[in-house]
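1. Could you work out the structure for the sequence below:
(one chain, ligands or ions: 2)
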Amino acid sequence: MKKHLVAPSVLACNFAHLEADFEMVNQSQADWYHVDIMDGRFVPNISFGMNIVKTMKKMAQKPLDVHLMILEPEKYIESFREAGADVITVHYEACPHLHRTLQQIKDTGAKAGVALNPHTDVSLLEPIIEEIDLVCLMSVNPGFGGQKFIYHTIPKIKKLKEIIITHNTSTLIEIDGGVGLQNAEKILQAGADVLVAGSSVFKSENPTKAIQQLKEIGNKIFHV
Ligand code: DX5
Ligand code: ZN
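-> Ligands and ions are numbered 1, 2, ... in the order given. Below is the predicted model of the structure:
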């Protein structure tokens, strides 16, 4: 039986009550924390750096999935690992030497992820798929939470799944941006393994229940 993971995106937390939000996620059915790092250069927004990640690590009882939306990520990989990252994802569009950068991530002991912007074709990853633990398909243009899901992501998931099956790797497919109950079933059916959810969790009336519902959608697909 296949189980998918749910990773609430902490970008949508209330930063004045970060501890309470982390406690909620700790007690919930969520699997990972998704942590968005933005540099104001690769994306038109700035979020936070490794000191905040270090603070989050102290509060989190689940792995930190760190999404680096930054230029020259190779300069900061060791620092984010030291801060507590369990998965480190770099952008394809920001890595001229992707193979080397993935090796660098793995050398720290973290899992290595590659994120693709909505316009980037998944076939570009075929020559390197064996090296990748996780592919993060952006289903919005990176930089902001609360945007609308881009439906062209669905055929991309299917195409990537075929590549993974052909090469017989255990690479996970993660979908990031605009994910919620309204589209989770379609995303999972297409072959996704990890759902990132920011607004649909933290801006809902009952975040614990929103996480639970995102988990249970999988039962509908995989158990019957
Ligand atoms: C977008 C970020 C996403 C974002 C998701 O640049 O990478 O992780 O926080 O937020 P929602 O779920 O609100 O689209
Ligand atoms: Zn993200």
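2. Quick one: residues contacting the closest residue to G40 other than its chain neighbours.
-> Take G40 and drop its neighbours on the chain: the residue closest to it by C-beta to C-beta, 6 or more residues apart in numbering is I46, 4.2 Å away. From N, CA and C alone the C-beta is placed, and that goes for glycine too. By C-beta atoms under 8 Å, 6 or more residues apart in numbering, the residues touching I46 are 38-40.
3. which of the residues you listed are buried?
-> Those of the contacts of I46 that meet the buried threshold are 38-39, by 16 or more other C-beta atoms under 10 Å.
4. Nearest to ligand 2, out of the contacts of I46: which one, please.
-> Among these, M38 lies closest to ligand 2 (C-beta to the ion), at 9.1 Å.
5. How about that closest one, nearest residue that isn't a chain neighbour?
-> Nearest one to M38, counting by C-beta to C-beta, 6+ apart, is S47 at 4.2 Å.
6. got it, and L181?
-> Spatial nearest neighbour of L181, chain neighbours left out: Q213 (5.7 Å); criterion: C-beta to C-beta, 6+ apart.
7. do you know how far the one you found is from C13?
-> 19 Å (C-beta to C-beta, to the nearest Å).
8. Check T89 too.
-> For T89, the distance to C13 equals 19 Å [C-beta to C-beta].
9. okay, those two: which has more neighbours?
-> Using other C-beta atoms under 10 Å, the more surrounded residue of T89 and C13 is T89, with 28 against 23.
10. who's in contact with the helix or strand the more buried one falls within?
-> With elements taken from DSSP states H and E, the one containing T89 is strand 87-91. Residues from elsewhere that reach strand 87-91 (C-beta under 8 Å, 6+ apart): 32, 42, 63-70, 73-74, 77, 80-81, 98, 101-102, 105, 108, 110-117, 133-134, 136, 142, 174.
11. ok, back up a step: and the residue nearest to G40, what are its phi and psi?
-> phi -120, psi 130 (degrees, to the nearest 10).
12. Is it bridged to anything, and to what?
-> D39 (DSSP bridges).
13. separation between it and I128?
-> Distance, I46 to I128, using C-beta to C-beta: 29 Å.
14. do the same with E205
-> For E205, the distance to I128 - C-beta to C-beta - is 42 Å.
15. just G49 next, same as before
-> 28 Å.
16. Check N26 too.
-> 35 Å.
17. Leaving out sequence neighbours, find the closest residue to L5.
-> For L5, the spatially nearest residue (C-beta to C-beta, 6+ apart) is D31, at 3.9 Å.
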